[in-house]
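**Student:** sharing a model prediction with you, sequence too.
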Amino acid sequence: MKYHEMTSARLSSVDRDQTVVVVPIAAVEQHGPNMPTGTDTIICTAVAEALEKRLADQVLLTPTVWLGASAHHLRFGATLNSDLETYIATLCDIATSLLDDNFRRILFVNGHGGNVDPLRVALREIQPVYPDALLVGGSYWSVADDLIQETLEGDHKFVGHACEFETSLVLHLRPELVDQENLTDAGNLVTDQINGLFVSRDMFQRTNEGFTGRPDLASAEKGKKLFDGIVDRLSSTVQTLLNEPLGTENQEFNS
Ligand SMILES: [Zn+2]
């Protein structure tokens, strides 16, 4: 089911208890010299649409929130940014609209690293107001750590930025948008961790040209394998969310 393609009459007849509302959230920001600025929106939307196609009776898909929290990319230009306060408020507004319309199982599927922290803050803000709801959010790649590690060949066996992972996915989904002749090794990536503590540095401080890892090792074949695996795992996540009891207190889990 696609929220924005349905009439209000059809939406009102959707079974609230047996539906997971999927809200894809992404970004439009610089992805180095060779990848499209819409990389996160393209991948995240494709993942969410495939999930809806797979589970059309249980998933209610909203349009992708394409504007993300991307201040850490602004110094490279080619970036559209929502400041953190506005972004948190936007996510809360979307969730509240759905919750006040009696939807109770909401899954934010994120496609942009900068959205992770504000997404968690938004869910923390809403939860005490709607303790009977199931409020879930995370990045689409989080469900596939092992698959990512076994598929990527470069040293960076994690999701970076315009990296081997993201480039492979766009080569699978929209190859014509990638400047394939000029994909190169990103070189050194400055850490954002010191002794397990987070160091806040923007992409201008961390990278040479705004991207990370080994996009020169990317391929459409890897992209397809990663994409299909991620959709598989998110499909079982949706089933888990449908089976999760709502409004439960600690004692009920222990009984
Ligand atoms: Zn991004």
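**Tutor:** Received, thanks.

**Student:** Leu11: neighbour count?
**Tutor:** Other residues near Leu11 come to 13 when the count uses other Cβ atoms under 10 Å. Using the backbone N, CA and C atoms, a C-beta is placed for each residue, glycine as well.

**Student:** can you offset everything so residue one is 45?
**Tutor:** All right, first residue 45 from here; so that's Leu55.

**Student:** apart from its chain neighbours, what residue comes closest to it?
**Tutor:** Excluding the flanking residues, the one nearest Leu55 by Cβ to Cβ, 6 or more residues apart in numbering is Tyr47, at 7.0 Å.

**Student:** quick check: phi and psi on Leu151?
**Tutor:** Leu151 has phi and psi values of phi -120, psi 110 when expressed as degrees, to the nearest 10.

**Student:** bridged to it, which residues?
**Tutor:** Counting by DSSP bridges, Leu151 is bridged to Val66, Val180.

**Student:** gap between it and the ion?
**Tutor:** To the ion, Leu151 is 19 Å away according to Cβ to the ion, to the nearest Å.

**Student:** was I right about that residue contacting Val67?
**Tutor:** Yes - using Cβ atoms under 8 Å, Leu151 is in contact with Val67, at 7.1 Å.

**Student:** enumerate the residues of the stretch 45-194 of the chain near the ion.
**Tutor:** The stretch 45-194 of the chain comes close to the ion at residues Ala71, Asp84, His156, as judged by Cβ under 5 Å from the ion.

**Student:** pretty sure the first one contacts His156?
**Tutor:** Put plainly, it is Ala71. Yes - Ala71 is within contact range of His156, at 3.8 Å (criterion: Cβ under 8 Å).

**Student:** mutual contacts of these two, please.
**Tutor:** Common neighbours of Ala71 and His156, using Cβ atoms under 8 Å, 6 or more residues apart in numbering, are Asp84, Gly112, Ala113, Ser114.

**Student:** those: which two are farthest apart?
**Tutor:** The most widely separated members of the shared contacts of Ala71 and His156, counting by Cβ to Cβ, are Asp84 and Ala113 (11.4 Å).

**Student:** now do the spatially most central residue of the chain against Leu233, distance only.
**Tutor:** Centroid-nearest residue in the chain: Asn154, 1.8 Å away (criterion: Cα atoms, centre = their mean). Distance check for Asn154 against Leu233: by Cβ to Cβ, to the nearest Å, it reads 21 Å.

**Student:** what's the answer for Gln295, then?
**Tutor:** Applying Cβ to Cβ, the value for Gln295 to Leu233 is 47 Å.
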